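K.L.:
any chance you could fold what I've pasted below:
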Amino acid sequence: MTNGTPLVPAAELAARNPTRFPNESDAYREARNALLAEEIELRRHIERVSEQRRGLPPGGEVTGDFRFESAEGSITFAELFGDRATLIAYSFMYGPERERPCPMCTSLLDSWDGNAQHVGRRAALAIIARSPIERLQAFKAERGWTHLDFYADISGDYTRAYVSADDADIPAYNVFTRKDSVIRHFWSAEMFAGTADPGQDPRGAPDMVPLWTILDTTPEGRGTDWYPQLDYRA
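P.N.:
This is a model prediction of the structure:
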């Protein structure tokens, strides 16, 4: 059901598909329409999961006095929201002990930089890392990112509370809400190694990394022995 309207069965919708390509066989079209039905079901399942996520009870209130360093100076956690009611906080794997940032995180942010100005119309987006802000800004300039806002969690208080109690240099995606001056945790990506299926790297669903979503549409798929790099000139 969607808005009270019964859904047409996915197989029936797929059977109505008028798309045909030059020289395709009957076997290809039969298999492709069967796949299309599964894709329709996947889209519907994604929407059901999204509705369930939006329906979560209020999360825990944020009570820590978290402070960050920005390009303009010190900033509070509440100020990360700007004038938005929702804050998306991504923890970038670029701790002070790393010589270079995580290539996987960098690939993600490569794609997010182009969308950040669009996301910003609906929610605040903050990229947080444990390295000093000067280091983060230098890599931002090196990468040519223009729309992402970086913040240094120098004390590590936020990281220990919402990323890793052990202050590990790991990625994290957290969403927070603010209503009547009360800030609450709304949702966090929690699909890690313990939830991964055999033979697969840990991943969320849907995958927030456009790189993998694109490669999943190819005959070779995302593979198991290739990962993005910071530089391909070598």
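
K.L.:
drop to CA atoms for contacts and neighbour counts, all remaining ones
P.N.:
Fine.

K.L.:
list the buried residues for the helix or strand of the chain with the lowest mean pLDDT?
P.N.:
None of the helices or strands of the chain scores lower by mean pLDDT, DSSP states H and E than helix 210-215, at a mean of 92. Residues 211-212 are the ones in helix 210-215 that count as buried (16 or more other CA atoms under 10 Å).

K.L.:
show me what the lengthiest helix in the chain is packed up against.
P.N.:
Looking across the chain with DSSP state H, the single longest helix is helix 26-54. Other helices and strands packing on helix 26-54, by 3 or more CA pairs under 8 Å, 6 or more residues apart in numbering; DSSP states H and E, are helix 10-15.

K.L.:
what's the mean pLDDT across the helix it packs on?
P.N.:
Averaged over helix 10-15, pLDDT sits at 96.

K.L.:
count of residues packed around the residue nearest to residue 157 when sequence neighbours are not counted?
P.N.:
Using CA to CA, 6 or more residues apart in numbering and skipping residues adjacent in sequence, the residue nearest residue 157 is residue 66, 6.4 Å away. Neighbour count for residue 66, taken as other CA atoms under 10 Å: 17.

K.L.:
so what touches the helix or strand where residue 158 lies?
P.N.:
Assessed by DSSP states H and E, residue 158 sits inside helix 157-162. Here helix 157-162 makes contact (CA atoms under 8 Å, 6 or more residues apart in numbering) with 64, 66, 91, 153, 165-167, 174.

K.L.:
leaving aside the residues next to it on the chain, what's closest to the residue positioned nearest the centre of the chain?
P.N.:
Centroid check for the chain by CA atoms, centre = their mean gives residue 208 as the closest residue, at 3.8 Å. Nearest residue to residue 208, sequence neighbours excluded (CA to CA, 6+ apart): residue 108, at 7.8 Å.

K.L.:
and the helix or strand containing that neighbour, which residues are buried?
P.N.:
Take DSSP H and E as the rule and residue 108 turns out to sit in helix 103-119. Going by neighbour count (16+ other CA under 10 Å), the buried part of helix 103-119 is 103-110, 112-113, 116-117.

K.L.:
ok, then the element right after that helix?
P.N.:
Taking DSSP H and E, what comes next after helix 103-119 is strand 124-129.

K.L.:
now do the next helix or strand after that following strand: which elements does it pack against?
P.N.:
For strand 124-129, the following helix or strand on the C-terminal side (DSSP H and E) is helix 133-143. Helix 133-143 makes packing contacts with strand 150-152 when contacts are defined by 3+ CA pairs under 8 Å, 6+ apart.

K.L.:
quick check: closest non-adjacent residue to residue 126.
P.N.:
residue 89 (4.8 Å).
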